[in-house]
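Visitor: I need the structure of the sequence given here:
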Amino acid sequence: MEIIRFAELRSEPWRNGGGVTRELASHPKAASSQDGAWDWRVSIADVSKAGDFSAFPGMERVLTVIDGELLLLTVDGAEHPLEKHRPFRFSGEAAAHGALPTGDIRDLNVITRTGSFKGFTSIIELSKKRAHPVFEGQLAVLLQGQATVSAGNLSVSAEAAETAAASVADGDEAVPAPTGPEALNRYDAVVGSDTGTPEILGRGFLAVVSIDRVTASSSAAG
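Guide: Predicted coordinates for the structure are as follows:
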């Protein structure tokens, strides 16, 4: 189970100097979050003044305000008032300008290479009674509230269990058992997995980012 701790992330200035970004994840991993060598990136940005957004040619963006009240985003001349927790999709090539009529904001950015990947952001309200699973290809970010994450039960066949037991008996190293619940701090991110799928319990709001690979058939359908 992998947790990305927001407090440990390095902040980097925007390419145009208009804000600061902390990268949660990217693929492939690049030396700098701003060099554009990746095919997708998930990051959190602080916006403290009005100004132009960085352009990402050949990319598509999904932007969600996660702190603050309102971002007034102008994309290719069209004005879009973006309220908190309402994802908005637009072209990375577009001329985009942000204004802050109610003060500073923080936003969650999902940027994907057009034709290769498609990004989606959903805002989920957490429950203390029913865990929310985080699957392979997903990243779950705690936006507010209190929550814990634990690895789900691993489904092991009787044959596999017998093989593992024989290996331990022969002196091989045992496979570690799933760890107990770990507390999440605000903006910590949980990396999804289909093996021992992480499960999040708590109260508050979670952003679930999904990165889907675009296949030839889906491109044709689009």
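Visitor: hey, which strand is longest across this structure?
Guide: As assigned by DSSP state E, the longest strand anywhere in the chain is strand 198-213.
Visitor: So in that sheet, which strands flank that strand, and in what orientation?
Guide: strand 117-125 (antiparallel), strand 132-133 (antiparallel), strand 138-151 (antiparallel) (DSSP bridges).
Visitor: Name the stretch among those strands that sits most buried.
Guide: For the strands paired with strand 198-213, the largest average neighbour count (mean count of other Cβ atoms under 10 Å) is found in strand 138-151, namely a mean of 20. (C-beta placed from N, C-alpha, C; glycine too.)
Visitor: List the contacts of the residue nearest to residue 137 when sequence neighbours are not counted.
Guide: Nearest residue to residue 137, sequence neighbours excluded (Cβ to Cβ, 6 or more residues apart in numbering): residue 211, at 5.6 Å. When contacts are counted by Cβ atoms under 8 Å, 6 or more residues apart in numbering, residue 211 touches 27, 40, 42, 110, 112, 117-119, 137-139.
Visitor: Likewise for residue 68?
Guide: 84, 100, 102-106.
Visitor: which of these count as buried?
Guide: 84, 100, 105-106 (16 or more other Cβ atoms under 10 Å).
Visitor: in this protein, which spans are helices?
Guide: Assigned by DSSP state H, the helices in the chain fall at 158-169, 216-221.
Visitor: looking at those, which has the lowest confidence?
Guide: Mean pLDDT is lowest for helix 158-169 among the helices of the chain, at a mean of 42.
Visitor: roughly how far apart are residue 125 and residue 198?
Guide: 18 Å (Cβ to Cβ, to the nearest Å).
Visitor: List the buried residues in stretch 201-210.
Guide: For stretch 201-210, the buried set under the neighbour-count rule, 16+ other Cβ under 10 Å, comprises 201-202, 204-210.
Visitor: which secondary element of this structure has the worst mean pLDDT?
Guide: Lowest on mean pLDDT, DSSP states H and E among the helices and strands of the chain sits helix 158-169, with a mean of 42.
Visitor: so can I have TSV of the buried residues of stretch 201-210 showing pLDDT and distance to residue 147?
Guide: Output for the buried residues of stretch 201-210, formatted as TSV (pLDDT from 0 to 100; distance: Cβ to Cβ, whole Å):
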residue	pLDDT	distance to residue 147
201	97	6
202	97	3
204	97	6
205	98	10
206	98	7
207	98	12
208	98	13
209	98	16
210	98	19
